[in-house]
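S.K.: test case, fold it:
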Amino acid sequence: MSDNPIVEQLLDNLSTAVILLNEDMVIRYANHAAQAVFDRGLNILIGSSLYQYVANSSLDLERFRNTKQHGEAFSDSEVLISFIDGRHILADVSVTSLHSTEQQYLVEVRLIQQQKKISQETHQWAQQQAARELVRGLAHEIKNPLGGIRGAAQLLEKELQNLDHKEFTAVIIEQSDRLTKLVDRLLGPNVRPNFQWHNIHQVLEKICTLVSLDRSHNIRIVRDYDPSIPDLFIDQDMLQQAALNIVRNSVQVLVDHPHSEAQIKIVTRIERHVIIHGVSFPLCAKIQLIDNGPGIPTELRDTLFYPMVTSKKDGTGLGLSISQTLIGHHRGKIDVESWAGHTEFTLYLPIDKKDA
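M.R.: So this is what the prediction gives:
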């Protein structure tokens, strides 16, 4: 980048990754922090295209062209960058246009620290809980008058002699019942969890069986289980429902966007030192539900677990909200990461000792 060794030494001592690109997105320079991000040495990076390493990014590349035209720098926070080798990072990115003998871009990448990520998760969880409580409160307020409407329609139906008029009361009763069912779903599970010791893979195998029995698609299920995971103290029905809601969403997305190699991958691992809503757990079971669909629309990612949020034409937007509630009963959490060709829901469940 420079013939001045002092400048390069200063850049190499920065914790921020610094990358110099030409207008064709070819790497001209990368400091030590950038080499660590790409997991490649400088000799390999220089002269190679950025797209040889980056598979997808939530950064809008159109802004590069605007930077070139107007000469303005821009920054974007919480950019998800996925690499060809399967790695992904979350970072704050700044881009500055440099005008010399050729058009160049100076890109600064600052990795978001784990503590900041935990803080964001806590804030999002609080917002989701507030939204859920608001919806539950509204649902209760709606349910009470619905019962009165249905009862009044039934009484009116008995008094009517004209069959044509009875059709109207039948519609009122039918629609009242439909709204009552919707409200019940908004209120979520109304039974106490039945916690017992279960093998998590037996629960997941039931989901695999249900998906495989559905002949409306040819989606391949791939299993990658860690047999060392001990039995978990769980309500197996609730956990099955939580995971099934996610898997069904994946199936629907893959059916709506068909391709020859559609697959859902289920991976289980043990994760150490996991922070869940501010509480540290030494051991957790990690369940990854991964599909190779088109990815979650950007505009839905921040509100994905809110009730009534959906991208489906006929969807209710309750599946993921219910899943999060059910995992919450197990003191766990759900993380999600998504880009084109990869959507990954990760369920974390604390591992307890049987003699505890």
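
S.K.: residue 104: what secondary structure?
M.R.: strand (DSSP: H, G, I helix; E, B strand; the rest coil).

S.K.: separation between it and residue 130?
M.R.: The gap separating residue 104 from residue 130 is 46 Å, by Cβ to Cβ, to the nearest Å. Every residue, glycine included, has its C-beta placed from N, CA and C.

S.K.: what about these two, which has more around it?
M.R.: Ranked by neighbour count (other Cβ atoms under 10 Å), residue 104 and residue 130 place residue 104 first, with 19 against 10.

S.K.: isn't that one right up against residue 25?
M.R.: No - here residue 104 lies out of contact with residue 25, judged by Cβ atoms under 8 Å, at a distance of 10.9 Å.

S.K.: so which strand or helix has residue 80?
M.R.: Under the criterion DSSP states H and E, the helix or strand holding residue 80 is strand 74-83.

S.K.: can you map out the strands along the protein?
M.R.: Across the chain, reading from the start of the chain, the strands by DSSP state E fall at 17-22, 27-30, 54-57, 74-83, 88-99, 103-111, 196-198, 220-224, 232-234, 263-276, 279-291, 333-339, 342-350.

S.K.: residue 153 is nearest to which of those strands?
M.R.: In this view, the strands of the chain are compared for proximity to residue 153 by Cβ to Cβ, and strand 333-339 is the closest at 40.6 Å.

S.K.: coming back round to it: now the strands of the chain as a markdown table including distance to residue 245 and mean pLDDT?
M.R.: What follows is the strands of the chain, written out as a markdown table (distance: least, Cβ to Cβ, whole Å; pLDDT from 0 to 100):
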| stretch | distance to residue 245 | mean pLDDT |
| --- | --- | --- |
| strand 17-22 | 38 | 91 |
| strand 27-30 | 42 | 92 |
| strand 54-57 | 25 | 84 |
| strand 74-83 | 23 | 85 |
| strand 88-99 | 24 | 85 |
| strand 103-111 | 32 | 88 |
| strand 196-198 | 19 | 94 |
| strand 220-224 | 16 | 93 |
| strand 232-234 | 16 | 94 |
| strand 263-276 | 13 | 91 |
| strand 279-291 | 10 | 92 |
| strand 333-339 | 10 | 88 |
| strand 342-350 | 10 | 94 |
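
S.K.: now these in CSV, with distance to residue 178?
M.R.: Shown next, in CSV, are these (distance: least, Cβ to Cβ, whole Å):
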stretch, distance to residue 178
strand 17-22, 54
strand 27-30, 58
strand 54-57, 41
strand 74-83, 39
strand 88-99, 42
strand 103-111, 49
strand 196-198, 35
strand 220-224, 34
strand 232-234, 33
strand 263-276, 31
strand 279-291, 30
strand 333-339, 29
strand 342-350, 29
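
S.K.: would you mind pulling the contact partners of stretch 156-168?
M.R.: Stretch 156-168 is contacted by residues 169-170, 173 when judged by Cβ atoms under 8 Å, 6 or more residues apart in numbering.

S.K.: and for the nearest residue to residue 339 once chain neighbours are set aside, the neighbour number?
M.R.: Setting aside the residues directly before and after it, residue 339 is nearest to residue 56 in space (Cβ to Cβ, 6 or more residues apart in numbering), at 4.0 Å. Here the count is done by other Cβ under 10 Å, and residue 56 has 17 residues near it.

S.K.: and residue 56, how far is that from residue 90?
M.R.: Separation of residue 56 from residue 90 (Cβ to Cβ): 13 Å.

S.K.: intersection of neighbour lists for these two?
M.R.: When Cβ under 8 Å, 6+ apart defines a contact, the residues bordering residue 56 and residue 90 alike are residue 81.

S.K.: returning to that earlier point: now, which of the contacts of stretch 156-168 sits nearest residue 50?
M.R.: Checking the contacts of stretch 156-168 against residue 50 by Cβ to Cβ gives residue 173 as the nearest, at 61.8 Å.

S.K.: quick one, what contacts the closest residue to that closest one other than its chain neighbours?
M.R.: The shortest distance from residue 173 to any residue that is not its chain neighbour, by Cβ to Cβ, 6+ apart, is 5.0 Å, and that residue is residue 153. Listed by Cβ under 8 Å, 6+ apart, the contact set of residue 153 reads 169, 172-173, 176.
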